[in-house]
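A.B. asks: need a 3D model of the following:
(one chain, ligands or ions: 1)
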Amino acid sequence: MADSVGVDNQKFCLQEVLDTFKLCLSENKEVYLEHYVAGWRGLVKFLNSLGSVFGFISKDAVNKIQILVTFLNGENGSQYVTVQSMVKYELDNQLVDLTKRGSYPESGCRTLLRLHRALRWLELFLERLRTSTEDSKTSAMCSESYNESLAQHHPWAIRKASGLAFCMLPGRPAFFEVMNVGPPEQVVAMLGEALPLISEVYQITEDLYAQHNLLDLP
Ligand SMILES: CCCCCCCC/C=C\CCCCCCCC(=O)N[C@@H](COP(=O)(O)O)[C@H](O)/C=C/CCCCCCCCCCCCC
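C.D. replies: Numbers count the residues shown, from 1 in each chain. Modelled structure (predicted):
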């Protein structure tokens with residue numbers, strides 16, 4: 001049965017996520033919010049298949065996806081077609097809490113920023129997976145990537161809970177299997193294809209947020 005953002009009990013397929021990230025960029029390099037959110041939905045499917053210990057992470061991601069989907073489907077949905085149009089619309093109309101949480105605790109800009117930071121974690125993690133060897137530990141790769149990215153934005157309790165959850169990650173062979181791609185060489189090849197796309201989406205968003213001083217939204 002699917003939940004309201006459609007991520008429950010569906011089998012993960014890395015190719016699908018890759019296809020979604022391919023669709024994210026417009027010709028003039030704007031990031032389509034619909035496909036960005038769909039990419040995250042696919043990743044959450046993967047997370048869900050790893051077990052309930054990751055439930056608190058999945059729940060937060062689903063919550064953020066849902067906030068963005070609500071904007072996309074709302075009466076001002078046309079302003080949320082791309083991340084660029086969302087930023088412009090929300091800033092022009094003072095719909096973003098810029099320095100402390102106030103009237104707009106769930107703006108599109110601050111919500112997307114949380115997923116954007118997680119995309120950096122993903123980029124680092126996938127690069128480690130791609131260059132890993134048979135005996136590499138997924139938990140170590142995950143936690144190193146987390147410490148270099150998301151952890152800097154999380155309080156102690158979340159860092160602690162995340163660290164404990166990472167210890168429950170399956171080993172590399174089982175992890176590759178859940179990715180549903182084929183033998184390890186194929187996984188590595190597909191990661192090699194996926195990473196430049198993910199990096200480009202990340203960098204375009206990072207530059208946009210930096211340009212508007214939005215990288216520290218509360
Ligand atoms: C291609 C296949 C291999 C990789 C598959 C990865 C699948 C990962 C799927 C989802 C990742 C979850 C993204 C989580 C977004 C977290 C956003 C965030 O930072 N939220 C915090 C701040 O929000 P506000 O309070 O300011 O609203 C929030 O406090 C966090 C709560 C939950 C903990 C988040 C821990 C994030 C760890 C990310 C690593 C996921 C490990 C997955 C293991 C494969």
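A.B. asks: which ones are touching residue 72?
C.D. replies: Residues in contact with residue 72, defined by C-beta atoms under 8 Å, 6 or more residues apart in numbering, are 33-34, 37, 80. C-beta coordinates here come from the backbone N, C-alpha and C atoms, glycine included.
A.B. asks: let's see that with 10 Å instead.
C.D. replies: Taking C-beta atoms under 10 Å, 6 or more residues apart in numbering, we find residue 72 in contact with 33-34, 37, 78-81, 86, 108.
A.B. asks: in a markdown table: those, plus distance to the ligand.
C.D. replies: Shown next, in a markdown table, are the contacts of residue 72 (distance: C-beta to the nearest ligand atom, whole Å):
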| residue | distance to the ligand |
| --- | --- |
| 33 | 16 |
| 34 | 18 |
| 37 | 12 |
| 78 | 26 |
| 79 | 22 |
| 80 | 19 |
| 81 | 23 |
| 86 | 17 |
| 108 | 13 |
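A.B. asks: I figured residue 53 hits residue 167, correct?
C.D. replies: Yes: the criterion here is C-beta atoms under 10 Å, and residue 53 meets it with residue 167 at 9.1 Å.
A.B. asks: residues of this protein that sit close to the ligand?
C.D. replies: For the chain, the residues in contact with the ligand (C-beta under 6 Å from any ligand atom) are 14, 43-44, 46-47, 56-57, 60-61, 114, 117-118, 121, 142, 146, 150, 158, 162, 169, 179.
A.B. asks: just the residues contacting the helix or strand bottoming out on mean pLDDT in the chain, thanks.
C.D. replies: Lowest by mean pLDDT, DSSP states H and E among the helices and strands of the chain is helix 14-23, with a mean of 88. Applying C-beta under 10 Å, 6+ apart, the external contacts of helix 14-23 come out as 10, 13, 32, 34-43, 45-46, 119, 122, 126, 176, 178-182, 186-187, 190-191, 193-198, 200-201.
A.B. asks: just the buried residues of these.
C.D. replies: 10, 32, 34-43, 45-46, 119, 122, 126, 176, 179, 181, 187, 190-191, 194-195, 197-198, 201 (16 or more other C-beta atoms under 10 Å).
A.B. asks: helices - which of those residues land there?
C.D. replies: Using DSSP state H to define helices, the subset of those located there is 34-43, 45-46, 119, 122, 126, 176, 187, 190-191, 194-195, 197-198, 201.
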